[in-house]
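In: Structure for the following, please:
(4 chains)
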Protein chains: 2
Amino acid sequence: MPAPLLTKPEILGRLMNLFREKGFDGASLSDISESTGLGKSSLYHHFKNGKEEIALQVLAHLEEQLERALFEPMRSTEAPRKKLGRMLDTIDTFYEGGKRACLLERLCASVDSRRFRRPLGHAFNVWIDAVEVLGVESGLPRAVARRRAEDLVVRIEGALVVCAGTGNTSVFARVIRDLRESVLAPLPRRAVRRPKRRV
Amino acid sequence: MPAPLLTKPEILGRLMNLFREKGFDGASLSDISESTGLGKSSLYHHFKNGKEEIALQVLAHLEEQLERALFEPMRSTEAPRKKLGRMLDTIDTFYEGGKRACLLERLCASVDSRRFRRPLGHAFNVWIDAVEVLGVESGLPRAVARRRAEDLVVRIEGALVVCAGTGNTSVFARVIRDLRESVLAPLPRRAVRRPKRRV
DNA sequence: GTCTATACGTGGATAGAC
DNA sequence: GTCTATCCACGTATAGAC
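Out: I've put the predicted structure just below:
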């Protein structure tokens, strides 16, 4: 029983929740119709290219949300560690402590994720970039900051998968906790890594 | 054009590849029929409960494979670090350097993953357990070994997601490389961690 | 812009012959 | 045990009235 009239952002917000819950393949047009209160034909009025365009717009909507809620606060003048903590809080809330899925991951797992590869890649990269900036701000070499930023995203996505698979959200909680320390930790004293020979 | 007669393990192997590629929802009975060379009716002869039972048997098949290829070698008398390296080599090969997906993750992402939660949770846990044992063998406190074992699985799953999303497999390669060092690294000198107060 | 009605394919699953 | 033929529900998408 959806509200009679929803704004575009409201519609996209509901659809994001739907896709996070059911995935792209799992969310049928009937589901989409129900969760937005729009008839199927109306959907094709708003999204001329059907389901694929819906997903693309939801993805764009997510990026806007991320920009406002996650990245923009990172450009304040606060201490990097403080900003990292804020980001992790937001992430923890967004995923409800590991109970809810990631839209990006759900789209990656859709039947032909290649259709979404470009926007998906972009979304992952802006996220990684934002964390990398924090690392550089706090004095880490760019390469190290990059590595750790990738690691943050990798660990969060991985924790969500493991939590979904085991039903045990404590893994997610611990990952979030660890990241607060590890992402911006200063380099150990004499840890000038010798580059390993490749095989 | 599949071979005329396949053994059960061969069938399950092909189906595992299929599910890894297309996911549970994305693999139709027609796909399943084609990749095994069995007509739909024959499938129901082998798997009386249909698609769901197929997935369950494929999962069981995976666990057998893991036992032989991954866990059993861990029970040798070699040095733990050597065994860890062997496990990571096997994993790297299994995922083809990040290019191929994880069956567990694909099933987690299926429409109602709850049907598979029990076997999925089991599969994740036996994997984590095996790594934990290595940690304990190499002298780590059990809690630390457990944490790091979870971390290994989390990072691998996360790296696969990020690689699938970005198309950049270097993240997977780096994660594997890091894990060789980090999982069994000795605890730092005076790093007797004070337990953090919970909020 | 929204609806009702419908088209058309394909999904999973079965019947029953061989 | 495998096949051909078929069932029905539901998938996405469209037509056309209002």
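In: Please report the distance of the closest residue to DNA strand C within chain A from DNA strand D.
Out: Nearest to DNA strand C in chain A, going by CB to the nearest atom of the strand, is residue A:41, at a distance of 2.3 Å. For glycine as for every other residue, the C-beta is placed from the backbone atoms N, C-alpha and C. Distance of residue A:41 to DNA strand D, given as CB to the nearest atom of the strand, to the nearest Å: 3 Å.
In: Now do that residue, the pLDDT please.
Out: You'll see residue A:41 listed with a pLDDT of 97.
In: Could you find the closest non-adjacent residue to the closest residue to DNA strand D within chain A?
Out: The nearest approach of chain A to DNA strand D comes at residue A:50, 2.6 Å away (CB to the nearest atom of the strand). Residue nearest to residue A:50 in three dimensions, not counting chain neighbours: residue A:44, with 6.5 Å by CB to CB, 6 or more residues apart in numbering or on different chains.
In: Spell out which helix or strand contains the one you found, please.
Out: If you go by DSSP states H and E, residue A:44 is part of helix A:40-46.
In: Point out the residues in chain A that sit beside DNA strand C.
Out: A:5, A:37-42, A:45-46 (CB under 7 Å from any atom of the strand).
In: if we can go back for a sec, go ahead and confirm the residue of chain A closest to DNA strand D touches residue A:41.
Out: No: assessed by CB atoms under 8 Å, residue A:50 is found out of contact with residue A:41, at 11.6 Å.
In: okay, these two: which has more neighbours?
Out: Neighbours per residue (other CB atoms under 10 Å in any protein chain shown) separate residue A:50 from residue A:41, with residue A:50 holding more: 12 against 8.
In: what's near enough to touch residue A:98?
Out: For residue A:98, the contacting residues are A:159-160, A:163, A:169, A:171-173, by CB atoms under 8 Å, 6 or more residues apart in numbering or on different chains.
In: need the strands for chain A, in chain order.
Out: Under the criterion DSSP state E, chain A contains no strands.
In: Could you list the low-confidence segments of chain A?
Out: Residue ranges of chain A with pLDDT under 70: A:1-4, A:190-199.
In: Would you tell me which helix is longest in it?
Out: Longest helix in chain A by number of residues (criterion: DSSP state H): helix A:142-166.
In: Quickly check: it near chain B or not.
Out: Yes: residues of helix A:142-166 contacting chain B under CB under 8 Å from any CB of the partner chain: A:147, A:150-151, A:153-159, A:161-162, A:164-166.
In: Who wins on neighbours among those residues?
Out: residue A:162 (32 neighbours).
In: Isn't it up against residue B:124?
Out: Yes: Residue A:162 is within contact range of residue B:124, at 6.0 Å (criterion: CB under 8 Å).
In: Most neighbours among the contacts of residue A:98, which one?
Out: residue A:159 (29 neighbours).
In: Would you point out which residue of chain A is nearest chain B?
Out: Nearest to chain B in chain A, going by CB to the nearest CB, is residue A:158, at a distance of 2.6 Å.
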